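Visitor: what's the 3D shape of this:
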Amino acid sequence: MPDNGLFSLAGEVAVVIGGGGVLAGAMAQGLAQSGAGIAIAGRTLEHADTRARAIVEHGGQAIGIRCDATSKADLRQVLDTVLERFGRVDILINAAGVNSTTPFFEIGEEEWHRIMDIDLKSVFLACQVFGKAMVDAGNGGSIINITSASSGPPLSKVFTYAVAKAGVNQITQFLVRELAPHNVRVNAILPGFFPAEQNRQVLTAERVASIIGHTPMKRFGEADELVGAAVYLAARRASAFVTGTILRVDGGFMAMTI
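Guide: Predicted structure coming up:
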C-alpha cells in the first residue's frame, strides 16, 4: 500500500520536554523518523544533546536545550530558541517526571513540592507557553501530555506522583475546550509499566510479580511501543478529530480489576 501521508510529520516541529529520558527519547526519535524537526529540552544538557545527536545521526533534525521545566522563564527561552532554529512549533510533548516511594506519613513538604512542580506544574507552564505560541501562530498544533497508570485509580506507594498525574489528566481535558477553537488538540498518553530510571526504585520483586499478574499481556512495555501512540496523536491527518483523549498503552493493565 502506498504511503498516503496519514502519519507524516514532514515540516512539523516538536518540542519534547524530558526527551533526554528513555521513554520520551524514544517518542522523540519516532517523531523525527516521521519527518518532524525535534527540540529535546531537559534539565541535563548532556542528556538532551545525546538524544539530539542520535536523531541527527539517523538523518533527522534535532537540537538539545537545557531547561528547568518548572521555570516559565526557561520554557520561554526554549520557545525562543526553537523559533530561531526552526521557525515554528507544532507539537509539544510534556514528559518531565520524577517519582518517590516515601511512605505517606513520612512525605515532607519539600518532597511534595518537588514532585508536584516537576510532574504537574511543568505541564501547566509548558501548555501556557507553547499553547499560546501555537494559538498566536494560527497553524493549529498538538499537545501530548504523559500521564500514568497511577493517575486513577491510584497505585500504592507513589502517593504524590499519583496526585500529580491525576492533575495532568485534568489539565489535558480542561484545555480541550480552551484550545479547540484554535485547532490545537490536547491529548495524553497513559503508559502502563515501562521500566525507566524514575520507577526502578519502586520495582521490587514482589511489586513486579503483582504488576505482571495484573497485566493480561504478562510483560512490561518497551520504550519503542509508545512511538505509535505519539506519532498518531501528533499527526494532523491521523488524529484530526481527536482531542481530550487519554490513550492507554498498558498491555491491558487498566482493562481489568481482579
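Visitor: in the chain, which spans are strands?
Guide: Ranges of strands in the chain, per DSSP state E, are 13-17, 37-42, 62-66, 91-94, 141-146, 184-191, 246-249.
Visitor: And the helices in the stretch 101-250 of the chain, which stretches?
Guide: Counting by DSSP state H, counting those that start in this stretch, the stretch 101-250 of the chain has these helices, from start to end: 109-116, 122-137, 159-179, 205-214, 227-234.
Visitor: so of those helices, which one's packed in deepest?
Guide: Mean neighbours per residue, mean count of other Cβ atoms under 10 Å, is largest over the helices of the stretch 101-250 of the chain for helix 227-234, with a mean of 22. C-betas here are computed from N, CA, C, even on glycine.
Visitor: and that helix, what's its mean pLDDT?
Guide: For helix 227-234, mean pLDDT rounds to 98.
Visitor: Need the residues that contact that helix.
Guide: Here helix 227-234 makes contact (Cβ atoms under 8 Å, 6 or more residues apart in numbering) with 7, 9, 12, 14, 26-27, 29-31, 34, 36, 91, 93, 142, 144, 185, 187, 189, 238-239, 242, 245, 247, 249.
Visitor: do the same with stretch 106-119
Guide: 69-70, 96-100, 102, 159-161, 163-165, 167-168.
Visitor: from those, which single one is nearest residue 81?
Guide: Closest approach to residue 81 among the contacts of stretch 106-119 (Cβ to Cβ): residue 69, at 14.5 Å.
Visitor: Could I get the pLDDT score of the closest one?
Guide: Looking at residue 69, its pLDDT is 98.
Visitor: Identify the residues contacting it.
Guide: Residue 69 neighbours (Cβ under 8 Å, 6+ apart): 17-18, 41, 43, 75, 96, 118, 122, 125-126.
Visitor: Distance check, it against residue 114.
Guide: Plainly put, residue 69 is 12 Å away from residue 114 if you go by Cβ to Cβ, to the nearest Å.
Visitor: quick one: low-confidence parts of the stretch 101-250 of the chain?
Guide: Within the stretch 101-250 of the chain, the ranges that satisfy pLDDT under 70 run 196-201.
Visitor: follow-up on the earlier one: make a markdown table from the helices of the stretch 101-250 of the chain and add distance to residue 83 to it.
Guide: A markdown table is the format used below for the helices of the stretch 101-250 of the chain (distance: least, Cβ to Cβ, whole Å):
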| stretch | distance to residue 83 |
| --- | --- |
| helix 109-116 | 29 |
| helix 122-137 | 8 |
| helix 159-179 | 19 |
| helix 205-214 | 42 |
| helix 227-234 | 19 |
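Visitor: Out of those, flag the one nearest residue 61.
Guide: Smallest distance to residue 61 across the helices of the stretch 101-250 of the chain (Cβ to Cβ): 15.4 Å, for helix 227-234.
Visitor: what residues does stretch 251-258 touch?
Guide: 149, 190, 192-193, 211, 214-221, 248.
Visitor: again, only using 7 Å
Guide: 149, 192-193, 214-217, 219, 221, 248 (Cβ atoms under 7 Å, 6 or more residues apart in numbering).
Visitor: what do you get for stretch 176-192?
Guide: With Cβ under 7 Å, 6+ apart as the test, stretch 176-192 has contacts from 23, 131, 134-135, 140-149, 151, 168-169, 172, 175, 215, 221, 226, 229-230, 233, 239, 242-251, 253.
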